[in-house]
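> Just the structure for this:
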Amino acid sequence: MSTPMTDRVGTVVTHRRYVPYSHAHYAGNLVDGAYSLGLFGDVATEMCIVLDGDEGLFASYSDVQFRAPVRAGDVLEITATLVREGTRSRVMDFAVHVVGRGAPTDDAPGRAEVLDPPVVATTATGTVVVPPAPRG
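Residues are numbered from 1 along each chain as shown. Here you go, the predicted model:
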């Protein structure tokens, strides 16, 4: 019987991503909430590769919270933190933080700013499953 490796709890994977204007779907250059969920899938995949040598498969999301808008021109920091590990399941907390935002003006259309502090845009908890560890 395999014993979970609890010393891996607390492992964090972080990605950064610029949101292109082609992803805006709504007035005010808003991006749909599914965009954040897709980014959570990306950091979860890397977490599974780091911990298990496999991409894993998402089983579920729980407690998804859309706390602030994500807009085209934003720079996002996406994190996954391993909070619980079973034999085949990995439970992770996710967060999208807006760390930079486009702030164009008529005389400076490419103007942008760093947000300090960053804005928490989306949070969630998710469960990913991985294949059983080889017996040996």
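> And stretch 117-135, how far out from the chain middle?
8 Å (C-alpha atoms, centre = their mean, to the nearest Å).
> Over to stretch 75-86?
On the basis of C-alpha atoms, centre = their mean, stretch 75-86 sits 7 Å off its chain's mean C-alpha point.
> now stretch 79-87
For stretch 79-87 - counting by C-alpha atoms, centre = their mean - the centre lies 13 Å from the chain centre.
> need the longest strand for the chain.
strand 112-129 (DSSP state E).
> Where does the residue nearest the centre of the chain fall, secondary structure wise?
Centroid check for the chain by C-alpha atoms, centre = their mean gives F40 as the closest residue, at 3.3 Å. Element membership of F40, judged by DSSP states H and E, is helix 34-52.
> ok, and what's touching that helix?
With contact meaning C-beta atoms under 8 Å, 6 or more residues apart in numbering, helix 34-52 is reached by 5, 8, 11, 13-15, 17, 19, 23, 54-56, 58, 61, 64, 66, 70, 76, 78-80, 82, 85, 90, 92, 94, 96, 121-122, 124, 126, 128, 130-131, 133. To be clear about C-beta, it is placed using only N, CA and C from the backbone, and glycine gets the same treatment.
> Mind doing that once more with 6 Å?
Helix 34-52 is contacted from outside by 8, 13, 15, 54-56, 78, 80, 92, 94, 96, 122, 128, 130, using C-beta atoms under 6 Å, 6 or more residues apart in numbering.
> And the furthest pair within the residues you listed?
D54 and T122 (25.6 Å; C-beta to C-beta).
> More neighbours: the two, which one.
Legend: neighbour count by other C-beta atoms under 10 Å for D54 and T122, higher for T122 (24 against 14).
> what about the longest strand of the chain, average pLDDT?
Strand 112-129 shows a mean pLDDT of 97.
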